[in-house]
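S.K.: Structure of the sequence below:
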Amino acid sequence: MPQQTDLEKDPFLVLLTDALRAGPGSPEWHDAVAKLKLSGENVDEYRLLIEAREALESGKDYRSVRAGAGFTHKLLNNLEAEQKAERRPFPLTGFISVLAALVIAAVIGVGIYELYPRGNANPAVRSNIDELASTYLATTVLSASFDSGIPAGWRKIGSLPVEADKGLSAAKASVPQGGYIGGGLVLSDPLPADQTFSVSVTLQIHGTGEALIPQIFVANSPDFSSDRGTASQELVWELDGLEQRVVVGGRVEKQAKIPNRTQTLAVRLILNKDLAIVDSDSARLWSGLHTLGEQPRYVGVRFIRTAGKSDAEISIQSVHVQKR
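M.R.: All right, here's what the predicted structure looks like:
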C-alpha cells in the first residue's frame, strides 16, 4: 500500500469511515471489523485512522466522520438495555413484609381508637357536665343497707341468688365453662327520664378475682334476662379483679385499676336526661352521653358469676339514691 492513502479510493478507509458514521453494532461496523480481520493485505489500520483524522482536520469534506441518523437512537437503546440487565429483580418478599407491617399497625390503631375512652371535646358538653357535677341533690329517694335482709322497694332479677347479711353478696353457684350467670336487685319504682339523680354505692372488698364481678347499673327497661339479670340498654360500672370499667350500651368506655389493698370502695353515678358522670372514691372516672334515651330509669345492683378459677369476696354495704 502506498505511503499516502487516497481518501476517495482506498477501500479500507471508505469502509472504516462508513462504519464510524453508522456506529457500533451496525451492519457497516460488523462488516468493517470482519473485513479487517479477514483481509490478507498488509494493512496498517492505525495508519489509516491517523490519516483519516489528519484528512478531516485539514478540511477535506469527503466522507466526514459524523454520527449517522440512527447513531443516537442505537446508543440510547444499548444504554437502556445495559441498565435493565444490571437492575435487580423487584424485592417481593420485602414488599410483602412492609405491607404486613402497615396492616398490623392499622389494626392496632383501630383497636386503640375503639378502646380509648372518648373525651368530651365539645365545649357545650363539657360545660353541661360541669353543671351536672355541681348540682345539689337534696331529696333522698332511697337509703338502704343490707345488714339483715333485703329492704322494701327492691325486686330480685336474674338466676344467681343474692343474700343480705352484713352486706349484699352473691351465693355460690356452678357456672358452665365459658358462660356466666347473674343476679341482683333493682328498684321497683323507676325514675323519670328528665330527672337528675345520683346513685351512691359502698362496696366492701376482702378479695378480688375473676369469678365474681359486682355491678352498679341504670337501665332504660324493666325487662331483665332471666339467667343473667341484664337489660338491653344500660349504663354500668363494674369491678373485674382489680380493674374497674364503665360500660355504655355494651361498649367499654373507660377502664382503670383500683389500689391492690383497697377494702372499701365508694362509687357514685350522677345522671340527667342525656349525660352521666361516674366517680370512684371521689375521683372522676368517666363522663359523657349515657344513651338511655327517653325511657324511665331503673336503678340496681348486680353480681355476675363466671367460670373463673379465682373467686372474690365482695359485698355491697349500702345504696343511696338522691334527686334534685
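S.K.: all helices of the stretch 101-250 of the chain, in order?
M.R.: According to DSSP state H, counting those that start in this stretch, the stretch 101-250 of the chain carries its helices in the segments 123-133.
S.K.: got the end-to-end distance for stretch 257-265?
M.R.: One end of stretch 257-265 sits 12 Å from the other (CA to CA, to the nearest Å).
S.K.: ok, residues contacting that stretch?
M.R.: Contacts to stretch 257-265, defined as CB atoms under 8 Å, 6 or more residues apart in numbering, come from residues 202, 203, 204, 205, 206, 239, 242, 243, 244, 280, 281, 317. To be clear about C-beta, it is placed using only N, CA and C from the backbone, and glycine gets the same treatment.
S.K.: Give the buried subset of those as a PyMOL selection command.
M.R.: With 16 or more other CB atoms under 10 Å as the criterion, this PyMOL line picks the buried residues out of the contacts of stretch 257-265:
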select buried, resi 202+203+204+205+239+244+280+317
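S.K.: and the contacts of stretch 257-265, which of them are in strands?
M.R.: 202, 203, 204, 205, 206, 239, 243, 244, 280, 317 (DSSP state E).
S.K.: Got the phi and psi for the nearest residue to the fifth one once chain neighbours are set aside?
M.R.: The reference is to residue 206. In this structure, residue 206 finds its nearest non-sequential neighbour in residue 313, 3.8 Å apart by CB to CB, 6 or more residues apart in numbering. Backbone geometry at residue 313, expressed as degrees, to the nearest 10, gives phi -120, psi 90.
S.K.: measure residue 313 to residue 209 for me?
M.R.: According to CB to CB, to the nearest Å, residue 313 and residue 209 sit 8 Å apart.
S.K.: what's the answer for residue 31, then?
M.R.: 95 Å.
S.K.: Between the two, which is the more surrounded one?
M.R.: Neighbour totals were compared for residue 31 and residue 209, and residue 209 leads with 17 against 14 (other CB atoms under 10 Å).
S.K.: isn't that one right next to residue 312, touching?
M.R.: Yes. Between residue 209 and residue 312 a contact is recorded at 4.0 Å, counting by CB atoms under 8 Å.
S.K.: Give me the distance between the two termini of stretch 156-170.
M.R.: Start-to-end span of stretch 156-170 (CA to CA) is 12 Å.
S.K.: Show me the shaky parts of this structure.
M.R.: Within the chain, the segments meeting pLDDT under 70 span 1-13, 16, 19-25, 29-30, 32-33, 36-76, 78-92, 95, 107, 109-121.
S.K.: Repeat the analysis, applying 90 as the threshold.
M.R.: 1-126, 148, 172-179, 207-210, 259-262, 307-312 (pLDDT under 90).
S.K.: Quickly list the domain ranges of it.
M.R.: As given by automatic domain parsing, the domain ranges for the chain are 11-86, 90-117, 123-323.
S.K.: Highest average neighbour count across those: which stretch is it?
M.R.: Of all these, domain 123-323 carries the top mean neighbour count, a mean of 17, counting by mean count of other CB atoms under 10 Å.
S.K.: now that one, how far from the chain's geometric center?
M.R.: Chain-centre distance of domain 123-323: 30 Å, with CA atoms, centre = their mean, to the nearest Å.
S.K.: Now do the end-to-end distance for stretch 260-278.
M.R.: 20 Å.
S.K.: which of the contacts of stretch 257-265 sit farthest apart?
M.R.: For these, the maximum inter-member distance is 21.0 Å, found between 243 and 317 (CB to CB).
S.K.: The nearest residue in space to residue 238 that is not next to it in sequence and residue 157, how far apart?
M.R.: Sequence neighbours aside, residue 215 is the residue nearest to residue 238 in space, at 4.4 Å (criterion: CB to CB, 6+ apart). Separation of residue 215 from residue 157 (CB to CB): 11 Å.
S.K.: Equivalent analysis for residue 212, please.
M.R.: Counting by CB to CB, the separation of residue 212 from residue 157 is 17 Å.
S.K.: ditto for residue 138
M.R.: The value you get for residue 138 to residue 157, if CB to CB is used, is 30 Å.
S.K.: ok, now residue 322?
M.R.: According to CB to CB, residue 322 and residue 157 sit 23 Å apart.
S.K.: before we move on, what about residue 147?
M.R.: Look at residue 147 and residue 157: by CB to CB, they are 22 Å apart.
S.K.: again with residue 14
M.R.: In terms of CB to CB, residue 14 sits 111 Å off from residue 157.
S.K.: Repeat that for residue 213.
M.R.: 15 Å.
S.K.: next one: residue 229
M.R.: Look at residue 229 and residue 157: by CB to CB, they are 4 Å apart.
S.K.: And for residue 233?
M.R.: Distance from residue 233 to residue 157, by CB to CB: 15 Å.
S.K.: who touches both of residue 229 and residue 157?
M.R.: 183, 184, 302.
S.K.: Kindly state the beta-bridge partners for the closest residue to the second one other than its chain neighbours.
M.R.: This points to residue 184. Of all residues beyond its chain neighbours, the one nearest residue 184 is residue 302 (3.1 Å), with distances taken as CB to CB, 6+ apart. Beta bridges link residue 302 to residue 184, residue 215 when assigned by DSSP bridges.
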